[in-house]
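*Asks:* Got a predicted structure plus its sequence, pasted below:
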Amino acid sequence: MIGADPVPETLSAKAGHLFEAYRSQEPEAMADLVALVSPILWHTARAARLDQATAEDVVQTTWLALLRHAPSISSPAAVLQWLVVTARREAWRVSRVQSRVKPEEFTGEEIATPEKDGPEMIVVRNAGDDVLWRHLSALPERCQQLLRVIAFSDRPDYNQLATALGMPVGSIGPTRGRCLAKLRAQLAADSDWEYA
């Protein structure tokens, strides 16, 4: 169509062009690529529940991996996906390493653990669940939907979640934080909630 606005370049296409420029001996293109994609890699690392310093290490490791493997990436257009997958795998690897608990030396003493919760614990847990669900139901509908999906999904796919909830992927984490803060404030003000 004559006079139509050009279609804006996607993030993936921009990353591909910058990576192609870098491989064509334009080193400043790598700095632009880092500035463009690092926020995405940061969120990818933080999604694995890593602390700030560890997430920074994951992002740095991802960029170093790109420099090592740059010649083997056959399609520059795939560089964004390659970086995100590499960051996700590195974050999961680091997360697994950090979560390993060193076993303590066995002293020979028996550790007494109940076979199952007694009736008292079941009643207490059910009462706490009732309070929690009552306050969750008082939140705005969007918060309820988001928190329910996140609570009952091991690792929710943010792209699918964004589509299902009609919100940008980048706003899922901040929205989740605001919703949890509202829920936390409601629970703290309720005398029936004893887990504060």
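*Replies:* Now that the structure is in, tell me what you want to look at.
*Asks:* Looks like R49 contacts S95 (just checking).
*Replies:* Yes. Counting by Cβ atoms under 8 Å, R49 touches S95, with 6.7 Å between them. Yep, even glycine has a C-beta here, placed from its N, CA and C like the rest.
*Asks:* Who has more neighbours out of those two?
*Replies:* Legend: neighbour count by other Cβ atoms under 10 Å for R49 and S95, higher for S95 (15 against 12).
*Asks:* do you know how far that one is from A53?
*Replies:* 14 Å (Cβ to Cβ, to the nearest Å).
*Asks:* swap in S72?
*Replies:* Distance from S72 to A53, by Cβ to Cβ: 30 Å.
*Asks:* Repeat that for S38.
*Replies:* 15 Å.
*Asks:* So which of the two has more stuff around it?
*Replies:* Between S38 and A53, counting by other Cβ under 10 Å, S38 is the more crowded of the two (17 against 8).
*Asks:* element containing V94, please.
*Replies:* helix 79-99 (DSSP states H and E).
*Asks:* Return that helix as PDB; C-alpha atoms alone will do.
*Replies:* Provided in PDB are the C-alpha atoms of helix 79-99 (Å, rounded to 0.1, in the frame of the first residue of the first chain):
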ATOM      1  CA  VAL A  79      20.300 -15.600  17.800                       C
ATOM      2  CA  LEU A  80      17.700 -14.200  20.200                       C
ATOM      3  CA  GLN A  81      16.100 -17.600  20.700                       C
ATOM      4  CA  TRP A  82      19.600 -19.100  21.100                       C
ATOM      5  CA  LEU A  83      20.500 -16.600  23.800                       C
ATOM      6  CA  VAL A  84      17.200 -17.100  25.700                       C
ATOM      7  CA  VAL A  85      17.500 -20.900  25.600                       C
ATOM      8  CA  THR A  86      21.200 -20.700  26.700                       C
ATOM      9  CA  ALA A  87      20.300 -18.400  29.500                       C
ATOM     10  CA  ARG A  88      17.400 -20.600  30.700                       C
ATOM     11  CA  ARG A  89      19.500 -23.700  30.600                       C
ATOM     12  CA  GLU A  90      22.400 -22.000  32.500                       C
ATOM     13  CA  ALA A  91      19.900 -20.600  35.100                       C
ATOM     14  CA  TRP A  92      18.400 -24.000  35.600                       C
ATOM     15  CA  ARG A  93      21.900 -25.600  35.900                       C
ATOM     16  CA  VAL A  94      23.000 -23.000  38.500                       C
ATOM     17  CA  SER A  95      19.700 -23.300  40.300                       C
ATOM     18  CA  ARG A  96      20.100 -27.100  40.600                       C
ATOM     19  CA  VAL A  97      23.700 -26.700  41.900                       C
ATOM     20  CA  GLN A  98      22.600 -24.200  44.500                       C
ATOM     21  CA  SER A  99      19.700 -26.300  45.700                       C
END
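*Asks:* Show me the contact partners of that helix.
*Replies:* Residues from elsewhere that reach helix 79-99 (Cβ atoms under 8 Å, 6 or more residues apart in numbering): 11-12, 15-16, 19, 33, 37, 40-41, 44-45, 47-50, 54-55, 57-59, 61-62, 65-66, 73.
*Asks:* Done for today, thanks.
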